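**Q** Next come a sequence and a model predicted from it.
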Amino acid sequence: MTELRQELKEKIIEQLNLEEFAVADIDDDDALFGDGLGLDSIDALELIVMLDKDYGIQLTDPKEGKEIFKSIAVLANYITANRTK
Amino acid sequence: MKKVYIHSAVTISAQNTFENSEFLNEIKAIPLKIAPAHYPNYRDYIAPAASRRMAAGVKMGVTAATKALEKANLKHPDAIIIGTGMGCIEDTEKFLNSIIANDEAFLTPTAFIQSTHNTVGAQIALGLKCKAYNNTFVHAALSFESALMDAQLLIQQEEAHHILVGGVDELGKEIINYIQLLEDAKYKGIQVPFGEGASFFVASSDTEENAVELVDMDVCSTACQETIQNKLKSFLIKNKIEHADIDALVLGRNGDAFDVYYDSVTSLFKNATKLHYKHLSGEFYTASPFGMWVAFEILKRQEIPEALIYDGKTKAEIHTILLYNQFKGRDHSFILLKR
């Protein structure tokens, strides 16, 4: 699980061009949207594509995303439970 | 018909032209093949949250535009007009490569959104919350000139008073290497590095002390040397300018076989100081606005840096400058500036 969390932080920083952040700056429970990392709706689309491409998870209900993308810890738990690759 | 004045000129180029208040006093040796721009500190101009999705061209464009507006004390232009030859090629490459790599699936939105040619104009407008006329011209080496002509017409016809107009291109990561290979294979290909940059100007119908006036401009897609000479003669007659009135000629020489066009034009102006600039900026579709920035600074400061002189002596006073550019014998442009 720790490895997956680390991997997610690296991917998010790289794919979303979070130039201001290093992996160490992101706590597992930090909010990804809003006051935390400050991600927005375009980032949400990027994350949805990342889930599909890298972990074989297709989100069909947009409301799911709000809960799944709450933090790195929540996202890692969801991926572990639902990944197909 | 209203006259057109240039109130400010700002360029980000391979030289330190943005942060340095001196005029090309320290020339930076640029690489032989590809010359990236000397990037300023973008944090002073663009919020990190906004800049993280911007590629080099958008950052350069937004930053140069912001400073051009600041220098002209203008907050809300009546129009934003951009010229770009290749647009946001970096994100275009990224998007196209990701289509191939992912077998046309899993396409993400960011690179696509940022890859359109009008991204720079749009980002400037978003930053300014400016809902005025916003247009981007994509016309190879006449991209900036098309934008400038649009600005000229809008001001002359009193449809706008103050216009932000600029040219921007970025190197990208991949296609430029293929272009370089093709160029190297040619006999007497381009002899200056390929470059990038953003040059922005505020054009206005208001005059000011020692104002630089855009007297006129003209463009032509294809023409032989003789036709260009004749067009230039007609252009000067139309503007009631004698050949001897031209104090300096700013030419877009890049060392390739088509420099004969510049030789042909130069022969008409025995007394003018002949200048070149692409050995400092590199060659790219919107290198010519770097030449216009050079001309603007010369007229304002009444000095010509040594590095710009191709032939001739500097005159004591410089009132009138003619710019001529072409690319591979196509996309010819004349711009006439006067102080």
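**A** Good, I have the coordinates. Numbering: from 1, shown residues only, chains lettered A, B, ... in the order given.
**Q** which non-adjacent residue is nearest B:E226?
**A** B:S264 (7.9 Å; Cβ to Cβ, 6 or more residues apart in numbering or on different chains). Heads up, the C-betas are built off the backbone N, CA and C, glycines and all.
**Q** how would you label that neighbour: helix, strand or coil?
**A** What DSSP: H, G, I helix; E, B strand; the rest coil gives for B:S264 is helix.
**Q** so what's it up against?
**A** B:Q225, B:E226, B:I228, B:Q229 (Cβ atoms under 8 Å, 6 or more residues apart in numbering or on different chains).
**Q** Kindly recompute the last result at 7 Å.
**A** Counting by Cβ atoms under 7 Å, 6 or more residues apart in numbering or on different chains, B:S264 makes contact with B:Q225, B:I228, B:Q229.
**Q** what do you get for A:N82?
**A** Counting by Cβ under 7 Å, 6+ apart, A:N82 has contacts A:I57.
**Q** Quick check: the gap between it and chain B.
**A** 17 Å (Cβ to the nearest Cβ, to the nearest Å).
**Q** what's that residue sitting at in phi/psi?
**A** The phi/psi pair for A:N82 (degrees, to the nearest 10) reads phi -120, psi 0.
**Q** Any idea how many residues pack against B:H332?
**A** Residues lying near B:H332 (other Cβ atoms under 10 Å in any protein chain shown) number 25.
**Q** List the strands paired with the strand ranked longest in chain B, with their directions.
**A** Using DSSP state E to assign secondary structure, the strand with the most residues in chain B is strand B:212-222. Here strand B:212-222 is paired, per DSSP bridges, with strand B:4-12 (antiparallel), strand B:330-338 (antiparallel).
**Q** Output it in CSV with nothing but the alpha carbons.
**A** Provided in CSV are the C-alpha atoms of strand B:212-222 (Å, rounded to 0.1, in the frame of the first residue of the first chain):
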residue,chain,number,x,y,z
VAL,B,212,7.3,55.7,-33.0
GLU,B,213,4.8,55.6,-35.9
LEU,B,214,3.9,52.5,-37.9
VAL,B,215,3.8,54.5,-41.1
ASP,B,216,2.7,51.6,-43.3
MET,B,217,3.3,47.9,-44.0
ASP,B,218,2.8,45.5,-46.9
VAL,B,219,3.0,41.8,-47.5
CYS,B,220,3.4,39.6,-50.5
SER,B,221,3.3,35.8,-50.6
THR,B,222,5.5,35.0,-53.7
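**Q** Which residues does that strand contact?
**A** Under the contact criterion Cβ under 7 Å, 6+ apart, strand B:212-222 has outside partners B:3-6, B:142, B:145, B:148-149, B:152, B:203, B:231, B:235, B:239, B:296, B:299-300, B:330-339.
**Q** 8 Å instead, please
**A** By Cβ under 8 Å, 6+ apart, strand B:212-222 touches B:3-6, B:142, B:145-146, B:148-149, B:152, B:203, B:207, B:227-228, B:231, B:235, B:238-239, B:241, B:296, B:299-300, B:320, B:329-339.
**Q** Name the nearest residue to B:A223, ignoring sequence neighbours.
**A** Nearest non-adjacent residue to B:A223 (Cβ to Cβ, 6+ apart): B:H332, at 6.0 Å.
**Q** Also B:N20?
**A** With Cβ to Cβ, 6+ apart, the residue lying closest to B:N20 is B:E26, at 7.3 Å.
**Q** and the residue of the stretch 151-300 of chain B found nearest chain A, what helix or strand is that in?
**A** Nearest residue of the stretch 151-300 of chain B to chain A: B:K173, at 14.8 Å (Cβ to the nearest Cβ). Per DSSP states H and E: B:K173 is located in neither a helix nor a strand.
**Q** what's around it, how many residues?
**A** 14.
**Q** again with A:V74
**A** 15.
**Q** What of B:E317?
**A** 8.
**Q** Distance check, it against B:R301.
**A** 12 Å (Cβ to Cβ, to the nearest Å).
**Q** What are the contacting residues of the helix or strand of chain A with the lowest mean pLDDT?
**A** Within chain A, no helix or strand scores below helix A:62-68, which has a mean of 84 by mean pLDDT, DSSP states H and E. Here helix A:62-68 makes contact (Cβ under 8 Å, 6+ apart) with A:A44, A:L47, A:I48, A:L59, A:V74, A:L75, A:Y78.
**Q** switch to 7 Å and redo it
**A** Taking Cβ under 7 Å, 6+ apart as the rule, helix A:62-68 contacts A:A44, A:I48, A:L59, A:V74, A:L75, A:Y78.
**Q** Buried subset of these, written for PyMOL?
**A** The following PyMOL line selects those of the contacts of helix A:62-68 that are buried, judged by 16 or more other Cβ atoms under 10 Å in any protein chain shown:
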select buried, chain A and resi 44+48+59+75+78
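**Q** Which of the contacts of helix A:62-68 fall in helices?
**A** Those of these mapping onto helices are A:A44, A:I48, A:V74, A:L75, A:Y78, per DSSP state H.
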